[in-house]
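J.: have a look; sequence and predicted model below, questions after that.
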Amino acid sequence: MKRTLTFATMLVAFAVLTIVGVFHETRKVHAQDQLPPPVGDRISFGLVTLTTGQTARINVANVIAQGDANLPPGPSRVAILMVDSSGNPFRTRDGSPIRRVVMLGRGESTFLELNADDFAIGAGGRIQLRAVVTVHPPPEPDRIAFPPDPCVPTFEVINNANGRTAFALSALPAVQSIHPPPTPD
């Protein structure tokens, strides 16, 4: 009797699991895209020296026109960072790095400033810095058909006393991929 009851309980449990399995909604599975995600570009400007009374400003503009259907529609993720001559990020008084991360849509721009007056300047009365801009373009299934980077950075040094630009760097700086592209098989 005990053996028959155990067998019947197992049979009922198996039947319930089978029915639940048959009528349970099947979940859809999405395959991974065959193309890897877009590789971000790291744009590193050369070393610039600031003195008291000067501000460094990095500008980044997404230069894709609003109505251009031939280029990627989505925003690009842009990270701007100021580093010293050793590659260490400049930090605010509370210890956080001086950086800005934004999503730049078509035609939009952003900037990041570092005022030399906010930092203890050493014996030479100067601080050295360089700007690093990392751009991750929008993901697209046919990303290869688009230009590598819709965002254009410029670097300028501004005199605080009169607000005039002392000099600006707008020529294309060195661009290097953050991750090497995959090798073809």
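T.: On my side now, so go ahead. These figures come from a predicted structure and were not determined experimentally.
J.: any regions of this protein where pLDDT drops low?
T.: Of all residues in the chain, those with pLDDT under 70 make up the ranges 1-41, 69-73, 122-123, 138-149, 171-185.
J.: where do the strands sit along it?
T.: Along the chain, counting by DSSP state E, strands occupy 41-44, 48-51, 54-62, 76-83, 99-104, 109-115, 126-136, 151-159, 165-169, 174-177.
J.: and the ones you listed: which comes nearest residue 68?
T.: strand 54-62 (11.2 Å; Cβ to Cβ). The C-beta positions use only the backbone N, C-alpha and C, and glycine is treated the same way.
J.: returning to what we had before: can you put the strands of the chain in CSV and add distance to residue 92 and mean neighbour count?
T.: What follows is the strands of the chain, written out as CSV (distance: least, Cβ to Cβ, whole Å; neighbours: other Cβ atoms under 10 Å):
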stretch, distance to residue 92, mean neighbour count
strand 41-44, 22, 19
strand 48-51, 16, 18
strand 54-62, 15, 21
strand 76-83, 11, 21
strand 99-104, 10, 16
strand 109-115, 10, 17
strand 126-136, 14, 20
strand 151-159, 19, 19
strand 165-169, 24, 12
strand 174-177, 27, 11
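J.: a markdown table please, covering the ones you listed and showing distance to residue 93.
T.: Conversion of the strands of the chain to a markdown table gives the following (distance: least, Cβ to Cβ, whole Å):
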| stretch | distance to residue 93 |
| --- | --- |
| strand 41-44 | 26 |
| strand 48-51 | 18 |
| strand 54-62 | 17 |
| strand 76-83 | 15 |
| strand 99-104 | 15 |
| strand 109-115 | 12 |
| strand 126-136 | 15 |
| strand 151-159 | 21 |
| strand 165-169 | 25 |
| strand 174-177 | 31 |
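J.: right, and those strands - which one's nearest residue 89?
T.: Across these, the minimum distance to residue 89, taken as Cβ to Cβ, is reached by strand 76-83, at 5.4 Å.
J.: CA atoms only for the closest one, dumped as PDB, please.
T.: Included here for strand 76-83 are C-alpha records, laid out as PDB according to Å, rounded to 0.1, in the frame of the first residue of the first chain:
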ATOM      1  CA  SER A  76      27.600  59.300 -29.200                       C
ATOM      2  CA  ARG A  77      28.900  58.700 -25.700                       C
ATOM      3  CA  VAL A  78      31.700  61.200 -25.000                       C
ATOM      4  CA  ALA A  79      34.100  61.200 -22.000                       C
ATOM      5  CA  ILE A  80      36.400  64.100 -21.500                       C
ATOM      6  CA  LEU A  81      39.300  63.900 -19.000                       C
ATOM      7  CA  MET A  82      42.200  66.200 -18.000                       C
ATOM      8  CA  VAL A  83      45.400  64.500 -17.100                       C
END
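J.: report all helices and strands that that strand contacts.
T.: On a contact count with 3 or more Cβ pairs under 8 Å, 6 or more residues apart in numbering; DSSP states H and E, strand 76-83 meets strand 54-62, strand 99-104, strand 109-115, strand 126-136, strand 151-159.
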